[in-house]
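Asks: please work out how this folds:
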Amino acid sequence: MDHEVRGYRITGVVQGVGFRWFTQRSACALGVKGTVRNAEDGSVEVVAVAPARTLERFEAELARGPNGARVRAVERESPSDAGPFGEFRIVR
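Replies: Here you go, the predicted model:
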């Protein structure tokens, strides 16, 4: 299967609620590689690498978020990093 690299910016109440840990667990469960980090503007940035069908499921998980989060939007954007990625990790 061909893998895609996608960048996401998640906005809403997504910092200080375990969003990065939730994202890492979801990515590992789905076999997604990449990174997640808090951005200075209060959003969360994700770079994800997986087959397109898997990324659609992962994007749905990002939109759901963990308990305590209130996701306003999951926007696709150009990935900030193209890898290579060994496993999904929290950057900061």
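Asks: and the residue lying closest to N38 once chain neighbours are set aside, what does it touch?
Replies: Counting by C-beta to C-beta, 6 or more residues apart in numbering, Q15 is the residue found nearest to N38 once chain neighbours are left out, at 5.3 Å. All C-beta atoms are positioned from the backbone trio N, CA, C, and that covers glycine. Taking C-beta atoms under 8 Å, 6 or more residues apart in numbering as the contact definition, Q15 lies against N38, G42, S43, V44.
Asks: then E45?
Replies: Contacts of E45 by C-beta under 8 Å, 6+ apart are G7, Y8, R9, I10, V36, R37, N38, A39, S80.
Asks: follow-up on the earlier one: let's see which of the contacts of Q15 end up in strands.
Replies: Mapping those onto strands (DSSP state E) picks out N38, V44.
Asks: list only buried entries from the contacts of Q15.
Replies: By the neighbour-count criterion of 16 or more other C-beta atoms under 10 Å, the contacts of Q15 include these buried positions: N38, S43, V44.
Asks: from memory the first one sits against V44, does it?
Replies: Same thing as N38. Yes: with contacts counted by C-beta atoms under 8 Å, N38 reaches V44, the gap being 6.0 Å.
Asks: coming back round to it: and which of the contacts of Q15 is nearest G31?
Replies: Nearest to G31, judged by C-beta to C-beta, of these is V44 at 20.4 Å.
Asks: let me know the pLDDT of that closest one.
Replies: pLDDT for V44: 97.
Asks: just confirm it contacts R37, I think it does.
Replies: Yes: using C-beta under 8 Å, V44 is in contact with R37, at 7.2 Å.
Asks: quick one on the thing from earlier: and the contacts of Q15 as JSON lines, adding distance to H3?
Replies: JSON lines is the format used below for the contacts of Q15 (distance: C-beta to C-beta, whole Å):
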{"residue": "N38", "distance to H3": "25"}
{"residue": "G42", "distance to H3": "30"}
{"residue": "S43", "distance to H3": "25"}
{"residue": "V44", "distance to H3": "22"}
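Asks: for the chain, what are the low-confidence residue spans?
Replies: For the chain, the stretches with pLDDT under 70 are 1, 82.
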